[in-house]
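> Model the structure of this input:
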Amino acid sequence: MIQKKVGLFHLMIVMLVGIIAPYLVEYIGNLGTIVSVLAVAGVSTAVLIRTWPRTGDIERSQVQPSVKQTQSMPQVDMYGISEDLSFVSQQLAWVAGHSNTALKKLTKQSNTIAQESETTASSAQEASAGVEEIASNAAVVANASQQALKQCQSSSQLALNNQLQITQASNTMLEVAQVVETSVRDMEELNVASKRIGAFVGKIQGIASQTNLLALNAAIEAARAGEQGRGFAVVAEEVRKLASESEAVTHEVEETVRDITNRTSYVTAHMQGSKEKIQGIEQLARKSAESMQEIVNTVNEIESTVEKLCSLSNDQQMTTEQMAQAVESIGSATVEIAAGTQEALKSIGQQEHDIEEVYALTKKMTAAVDQIQEVAAIFKTGKELVFGFNPFTAPQIIKENYTPILETIAKKLGLEPKIIIVSDYDSLGRSLLKGTIDVGWFSPFAYVSAKDKGEITPLVTTVVNKNASYHGYIIARKDKAFQSIDSLQGKRFAFVDKQSASGYVYPKAMLLEQGKDPETFFSETVFLGSHNRVIDAVLDGTVDAGATYSEAVETAKEYGLAVHNLVILKQTDAIPKDVIAGRPGLDEQLLASLKQVFIETTDRTSTHASVMKKTGLNGFIEAQDQVYDVIRKAANVLK
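Residues are numbered from 1 along each chain as shown. As a prediction, this is how the structure comes out:
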């Protein structure tokens, strides 16, 4: 930023030299012509040197050429040269003034940049230390993240292994549950079979009892039969024995079956309980497997998150290291910029000093032009009509927007117009009273001041924006947040000229009426010479507030200035507009003709209607001196 501004500064200097040089060349060339003419006329240049930069000291007798000298003089348009010199010197002063203002602003900005650079350099060192600490911490975080990632990967693998084991155990338990369930069913079937065997044994036991009873009955019958039944008795006895043995065996079988049945029932009951427990374990195993799956999923998510954290930590480590390098570079660059700014400040200071010298010289040049005009008046012909302007705006604007109107008016009267822009507001009145200017375009207070010193004749008053009066403004930038005149205490304030009604007389009178002496109320007051300069100075921050008038603000808006950034803190009462007045001794008939032609010139009929509309000038009305008594009243407040 600083290098850019310094580059802009050098570019501005080059442009300034390019602007000033042609004016200097033209000025010196015209001055050489004048000196040559005066030499032929027998006028000593010592007269000019002796009176530089004073005005009004040259007597006509000192420069009045003889007839012979007049005949031998080259035909030179002295007033034309004077006119050109007037414009060149005023434009040069204008450019130098603007350049001086720009340099002051650049100096202020450069000082601010230098101070900020030193602060930034210190802050950069602190920031560098902080970033290095962050980089160190980032490295620790990156290492910790790597370790955490490894642990997560290990935990993930362990969780997977545990999940596999739990799954296998769950499957095994399911198989055991199935085997137990099958065994329970088998035992239940075995118990049923044992009961059937018991029932069958009971039947056998009944048959054996019946057989034993039948055998007994058979033995009894055999005994009755005697010898014939002896054989049958033996058989019956054997049958009875077998039946008894069968009954005994069936009793043993019955006991055994009963024992088997009891034991089978006992085992079945216990296996049934085991089955229920195994079913609970099965559900628990399923839930454990599901929980383990959730654990695995969570561990996987943690692993993914830690992996991202690890990646981000590595990126952060690299970024902070780069930041540390960048901050260190910024610190070094800021130190270099601060040093460069100090060097630039020295250069700017020298250029500012040079511009101030140029500006001072241009002021001397304008004073010299006044001297030359007095000399040129000696050579004036009866066909020339000299108009003079207060420097109320930029010379180029006067030349483009107002000069064509006066040239047309003069030519309507068969006269050759010469247009002079005087050095300051007071010079116009002096020039009319000396006779070096015939007709002056006065600001209201400059007219009142000149009228009090001599019998100048008011001809017409300008009508601008359909009004023969205007308002003075006290303006400031909106972003300064000034709410009223009171808020300007201790601030820097700009006036135009001590002969300007809206640019000095009225605003100062308003301040004094409020008990505010500008000399003590403001921290500093400056006179910038024109309304344009005041508006520029307020907009660019050179001053905090300034005095101007309504039409100057409108003109500035038309020329693209950011007047929307301005706020009007105070507005004056209506002030009569500019006066066009003739010098003492000017032919009465010419004065009457001038007044008539001015009044006939309007923005509807004039050949320069487009120019008039550009400036808001509608035309002219007859001037009445008493209308300007309000200005005299305001001026009395200042005394």
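> what's the distance between the residue lying closest to Ala148 once chain neighbours are set aside and Gln151?
In space, and not counting its chain neighbours, Ala148 is closest to Val306: 4.9 Å by CB to CB, 6 or more residues apart in numbering. Every C-beta, even on glycine, is put in place using the N, C-alpha and C of the backbone. Going from Val306 to Gln151 by CB to CB, to the nearest Å gives 8 Å.
> Specify which residue of these two has the higher count of neighbours.
Val306 (21 against 13; other CB atoms under 10 Å).
> quick check, the more buried one in a helix?
Yes - applying DSSP: H, G, I helix; E, B strand; the rest coil, one finds Val306 inside a helix.
> Model confidence for it, exactly?
Listed pLDDT for Val306 reads 74.
> thought it was touching Ser155?
No - judged on CB atoms under 8 Å, Val306 makes no contact with Ser155 at a distance of 10.3 Å.
> Between these two, which contacts overlap?
Listed as contacting both Val306 and Ser155 by CB atoms under 8 Å, 6 or more residues apart in numbering is no residue at all.
> Which of the helices and strands in this protein ranks last by mean pLDDT?
Ranked by mean pLDDT, DSSP states H and E, the helix or strand of the chain with the weakest confidence is helix 45-51, at a mean of 38.
> can you list contacts of stretch 401-409?
387, 389, 417, 419, 439, 441, 594, 597-598, 601, 606-608, 611-612, 614-615, 617.
> what about 7 Å?
387, 389, 417, 419, 597-598, 601, 607-608, 611-612, 614-615 (CB atoms under 7 Å, 6 or more residues apart in numbering).
> Using neighbour counts, trim those to the buried set.
Phe387, Phe389, Pro417, Ile419, Val597, Phe598, Thr601, His608, Val611, Met612, Thr615 (16 or more other CB atoms under 10 Å).
> Let me know the pLDDT of the last one.
In this prediction, Thr615 carries a pLDDT score of 78.
> Show me where the stretch 201-350 of the chain has its helices.
Under the criterion DSSP state H, counting those that start in this stretch, the stretch 201-350 of the chain carries helices at the ranges 230-378.
> Kindly report the same for the stretch 451-600 of the chain.
506-513, 518-521, 531-539, 550-558, 588-600.
> Which one of the ones you listed lies nearest to Pro576?
Judged by CB to CB, the one of those that comes nearest to Pro576 is helix 506-513, at 11.4 Å.
> other SSEs contacting the closest one?
strand 469-477, helix 518-521, strand 566-576, helix 629-638 (3 or more CB pairs under 7 Å, 6 or more residues apart in numbering; DSSP states H and E).
> want to throw the ones you listed into CSV with mean pLDDT?
Shown next, in CSV, are the helices and strands packed on helix 506-513 (pLDDT from 0 to 100):
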stretch, mean pLDDT
strand 469-477, 93
helix 518-521, 94
strand 566-576, 92
helix 629-638, 86
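> Quick check: which of the ones you listed is buried the most?
Among those, the stretch with the highest mean neighbour count (mean count of other CB atoms under 10 Å) is strand 469-477, at a mean of 23.
> and that strand, which strands flank it?
Here strand 469-477 is paired, per DSSP bridges, with strand 545-549 (antiparallel), strand 566-576 (antiparallel).
> export those strands to CSV and tack on distance to Glu133?
Listed next are those as CSV, based on distance: least, CB to CB, whole Å:
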stretch, distance to Glu133
strand 545-549, 49
strand 566-576, 49
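> so which of the ones you listed comes closest to Ser265?
Of those, nearest to Ser265 by CB to CB is strand 566-576, at 110.3 Å.
> The closest one vs helix 531-539, what angle?
150 degrees (axes from the mean of the first three to the mean of the last three CA atoms, to 10 degrees).
> quick one: strand 566-576 to helix 506-513, angle?
100 degrees.
> what comes into contact with strand 566-576?
Against strand 566-576 from outside (CB under 7 Å, 6+ apart): 444, 461, 468-478, 482, 484-485, 501-502, 506, 510, 538, 545, 627-628, 631.
> returning to what we had before: reformat the helices of the stretch 451-600 of the chain as a markdown table; add distance to Cys310.
A markdown table is the format used below for those (distance: least, CB to CB, whole Å):
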| stretch | distance to Cys310 |
| --- | --- |
| helix 506-513 | 72 |
| helix 518-521 | 68 |
| helix 531-539 | 57 |
| helix 550-558 | 63 |
| helix 588-600 | 89 |
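> Quick check: which of the ones you listed has the most neighbours on average?
Mean neighbour counts for the helices of the stretch 451-600 of the chain (mean count of other CB under 10 Å) peak at helix 531-539, with a mean of 25.
> helices and strands around it, which ones?
Using 3+ CB pairs under 7 Å, 6+ apart: helix 531-539 touches helix 78-225, strand 469-477, strand 492-495, strand 545-549, helix 550-558.
> So what does Asp424 have for phi and psi?
Dihedral angles of Asp424 (phi, psi; degrees, to the nearest 10) stand at phi -150, psi 180.
> wait, it sits on Lys498?
No - Asp424 is beyond contact range of Lys498, at 8.9 Å (criterion: CB atoms under 7 Å).
> ok, back up a step: residues shared between the contacts of Val306 and Gln151?
By CB under 7 Å, 6+ apart, no residue touches both Val306 and Gln151.
> among the strands paired with strand 469-477, which is nearest Asn191?
Using CB to CB, the strands paired with strand 469-477 put strand 566-576 closest to Asn191, at 111.1 Å.
> Run the angle between the closest one and helix 550-558 for me.
140 degrees.
> can you give me the angle strand 566-576 makes with helix 629-638?
Using the same axes, to 10 degrees: strand 566-576 against helix 629-638 is 120 degrees.
> gap between Ser244 and Gln210?
For Ser244, the distance to Gln210 - CB to CB - is 12 Å.
> These two: who's more crowded?
Ser244 (15 against 11).
> Could you report the distance from that one to Ala208?
Counting by CB to CB - Ser244 and Ala208 are separated by 8 Å.
> Pull out the buried residues from stretch 231-242.
Those would be Ala233, Ala236, Val239, Arg240, for stretch 231-242 by 16+ other CB under 10 Å.
> And for stretch 430-445?
Buried residues in stretch 430-445 (16+ other CB under 10 Å): 430-434, 436-445.
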